[in-house]
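Participant: below are the sequence and a predicted model; questions follow.
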Amino acid sequence: MRIGRATTKTWATVYNGIVTAKGEGTATVLAIYEGKPQSVQVTVIKKVKALIKDRQALDLRRNETAEIVLTAVYQDNTSEDVSDKAEWSSGDPNIATVVNGKVTAHHAGSTVITAKYGSQTVTLTVRVENVKRLDPA
(Lines give C-alpha, C1' and ligand atoms only; values in the text may rest on other atoms or scores of the structure.)
Protein backbone atom coordinates (compact mmCIF):
# COMPACT_ATOMS: atom_id res chain seq x y z
CA MET A 1 0.00 0.00 0.00
CA ARG A 2 1.25 3.44 -0.87
CA ILE A 3 0.08 6.31 1.27
CA GLY A 4 -0.27 9.70 -0.30
CA ARG A 5 0.06 12.97 1.52
CA ALA A 6 -2.48 15.29 3.01
CA THR A 7 -3.70 18.01 0.68
CA THR A 8 -2.30 20.61 3.04
CA LYS A 9 0.58 20.25 5.48
CA THR A 10 -0.90 23.00 7.63
CA TRP A 11 -3.47 20.73 9.28
CA ALA A 12 -2.09 17.22 8.96
CA THR A 13 0.87 15.28 7.67
CA VAL A 14 1.18 11.64 6.67
CA TYR A 15 4.29 9.52 7.18
CA ASN A 16 4.35 5.72 6.87
CA GLY A 17 0.55 5.63 7.03
CA ILE A 18 0.33 7.65 10.23
CA VAL A 19 -1.66 10.88 10.12
CA THR A 20 -0.34 13.56 12.47
CA ALA A 21 -2.39 16.63 13.36
CA LYS A 22 -0.55 19.92 12.88
CA GLY A 23 -3.33 22.45 13.38
CA GLU A 24 -7.04 23.09 13.09
CA GLY A 25 -8.77 22.38 9.80
CA THR A 26 -9.66 19.64 7.34
CA ALA A 27 -7.32 17.68 5.12
CA THR A 28 -7.90 14.91 2.59
CA VAL A 29 -5.56 11.93 2.81
CA LEU A 30 -5.14 9.75 -0.27
CA ALA A 31 -4.03 6.11 -0.08
CA ILE A 32 -3.43 3.86 -3.10
CA TYR A 33 -3.59 0.09 -2.71
CA GLU A 34 -3.16 -2.24 -5.67
CA GLY A 35 -3.69 0.71 -7.97
CA LYS A 36 -7.00 1.69 -6.37
CA PRO A 37 -7.13 5.13 -4.76
CA GLN A 38 -9.04 5.71 -1.56
CA SER A 39 -9.34 9.06 0.17
CA VAL A 40 -10.43 9.97 3.65
CA GLN A 41 -11.16 13.39 5.07
CA VAL A 42 -9.45 14.18 8.37
CA THR A 43 -10.76 17.00 10.56
CA VAL A 44 -8.45 18.37 13.23
CA ILE A 45 -9.95 20.31 16.13
CA LYS A 46 -8.27 21.99 19.09
CA LYS A 47 -7.74 19.77 22.13
CA VAL A 48 -10.73 20.08 24.44
CA LYS A 49 -9.70 20.64 28.06
CA ALA A 50 -13.21 20.77 29.53
CA LEU A 51 -16.83 20.47 28.48
CA ILE A 52 -19.36 22.59 30.38
CA LYS A 53 -23.15 22.22 30.30
CA ASP A 54 -25.42 25.08 31.36
CA ARG A 55 -27.73 22.80 33.37
CA GLN A 56 -27.14 20.03 35.87
CA ALA A 57 -30.50 18.29 35.29
CA LEU A 58 -33.81 18.81 33.50
CA ASP A 59 -37.34 18.31 34.79
CA LEU A 60 -39.81 18.32 31.91
CA ARG A 61 -43.43 17.51 31.22
CA ARG A 62 -44.48 15.27 28.34
CA ASN A 63 -44.04 16.96 24.93
CA GLU A 64 -42.06 19.82 26.46
CA THR A 65 -38.64 20.83 25.07
CA ALA A 66 -35.56 22.46 26.56
CA GLU A 67 -32.17 23.51 25.23
CA ILE A 68 -28.84 22.49 26.72
CA VAL A 69 -25.94 24.80 25.90
CA LEU A 70 -22.62 22.97 25.69
CA THR A 71 -19.39 24.95 25.88
CA ALA A 72 -15.96 23.55 25.05
CA VAL A 73 -12.94 25.02 26.81
CA TYR A 74 -9.81 24.34 24.78
CA GLN A 75 -6.26 23.80 25.92
CA ASP A 76 -5.38 27.38 24.87
CA ASN A 77 -8.16 28.59 27.25
CA THR A 78 -10.45 29.77 24.45
CA SER A 79 -14.05 28.59 24.55
CA GLU A 80 -16.84 27.94 22.06
CA ASP A 81 -20.50 26.91 22.04
CA VAL A 82 -20.39 23.38 20.58
CA SER A 83 -24.05 22.43 21.15
CA ASP A 84 -24.53 21.84 17.41
CA LYS A 85 -21.15 20.09 16.96
CA ALA A 86 -21.28 17.60 19.83
CA GLU A 87 -22.41 14.00 19.56
CA TRP A 88 -25.60 13.70 21.61
CA SER A 89 -27.42 10.59 22.80
CA SER A 90 -30.23 9.56 25.12
CA GLY A 91 -30.08 6.54 27.40
CA ASP A 92 -33.77 5.91 26.65
CA PRO A 93 -35.19 7.64 23.56
CA ASN A 94 -38.69 6.51 24.59
CA ILE A 95 -38.47 8.91 27.53
CA ALA A 96 -36.57 11.79 25.90
CA THR A 97 -34.65 12.46 22.70
CA VAL A 98 -31.92 15.01 22.02
CA VAL A 99 -30.76 16.69 18.79
CA ASN A 100 -28.03 19.35 18.87
CA GLY A 101 -28.76 20.00 22.54
CA LYS A 102 -32.54 20.30 22.16
CA VAL A 103 -34.23 17.79 24.47
CA THR A 104 -37.80 16.66 23.80
CA ALA A 105 -39.73 14.80 26.50
CA HIS A 106 -41.90 11.90 25.32
CA HIS A 107 -42.99 9.61 28.16
CA ALA A 108 -42.82 9.66 31.96
CA GLY A 109 -39.61 8.39 33.49
CA SER A 110 -35.97 9.27 33.86
CA THR A 111 -33.06 8.97 31.44
CA VAL A 112 -29.52 10.23 31.02
CA ILE A 113 -28.51 12.53 28.17
CA THR A 114 -24.87 12.28 27.08
CA ALA A 115 -22.88 14.82 25.09
CA LYS A 116 -19.44 14.06 23.67
CA TYR A 117 -17.08 16.49 21.99
CA GLY A 118 -13.40 15.89 21.43
CA SER A 119 -12.19 13.61 24.20
CA GLN A 120 -14.63 14.98 26.79
CA THR A 121 -18.05 13.70 27.83
CA VAL A 122 -20.76 15.15 30.06
CA THR A 123 -24.08 13.72 31.22
CA LEU A 124 -27.23 15.05 32.79
CA THR A 125 -30.39 13.45 34.06
CA VAL A 126 -33.75 14.22 32.45
CA ARG A 127 -36.88 13.51 34.44
CA VAL A 128 -40.19 13.52 32.59
CA GLU A 129 -43.52 13.65 34.39
CA ASN A 130 -47.01 13.09 33.11
CA VAL A 131 -49.28 16.07 33.28
CA LYS A 132 -52.85 15.13 34.07
CA ARG A 133 -55.73 17.43 33.34
CA LEU A 134 -57.94 18.14 36.30
CA ASP A 135 -61.61 18.24 35.41
CA PRO A 136 -63.79 20.57 37.45
CA ALA A 137 -65.91 18.68 39.97
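Facilitator: Yep, that arrived.
Participant: which helix or strand contains D92?
Facilitator: For D92, there is no helix or strand it lies in under DSSP states H and E.
Participant: isn't it up against T114?
Facilitator: No: at 11.6 Å, D92 does not count as touching T114 under the criterion of C-beta atoms under 8 Å. Placement of C-beta: from N, CA and C, glycine included.
Participant: isn't V126 up against L58?
Facilitator: Yes: applying C-beta under 8 Å as the test, V126 and L58 come out as touching, 4.6 Å apart.
Participant: tell me the domain ranges of this protein?
Facilitator: 2-44, 48-129 (automatic domain parsing).
Participant: can you flag the weakest of those by average pLDDT?
Facilitator: Per-stretch mean pLDDT for the domains of the chain is lowest at domain 2-44 (a mean of 71).
Participant: neighbour count: V126 and L58, which is higher?
Facilitator: A direct count of neighbours by other C-beta atoms under 10 Å for V126 and L58 places V126 higher, at 26 against 19.
Participant: ok, Y15 - how many residues close by?
Facilitator: 9.
Participant: so what's A96 closest to, chain neighbours aside?
Facilitator: In this structure, A96 finds its nearest non-sequential neighbour in V126, 4.6 Å apart by C-beta to C-beta, 6 or more residues apart in numbering.
Participant: what lines up beside the stretch of helix or strand that neighbour belongs to in the sheet?
Facilitator: In this assignment (DSSP H and E), V126 forms part of strand 120-129. Strand 120-129 has the following strand partners under DSSP bridges: strand 57-61 (parallel), strand 109-117 (antiparallel).
Participant: which positions in it come out as buried?
Facilitator: 120, 122, 124, 126, 128 (16 or more other C-beta atoms under 10 Å).
Participant: contacting residues around it?
Facilitator: 48-53, 55-62, 68, 70, 72, 90, 95-96, 103, 105-115 (C-beta atoms under 8 Å, 6 or more residues apart in numbering).
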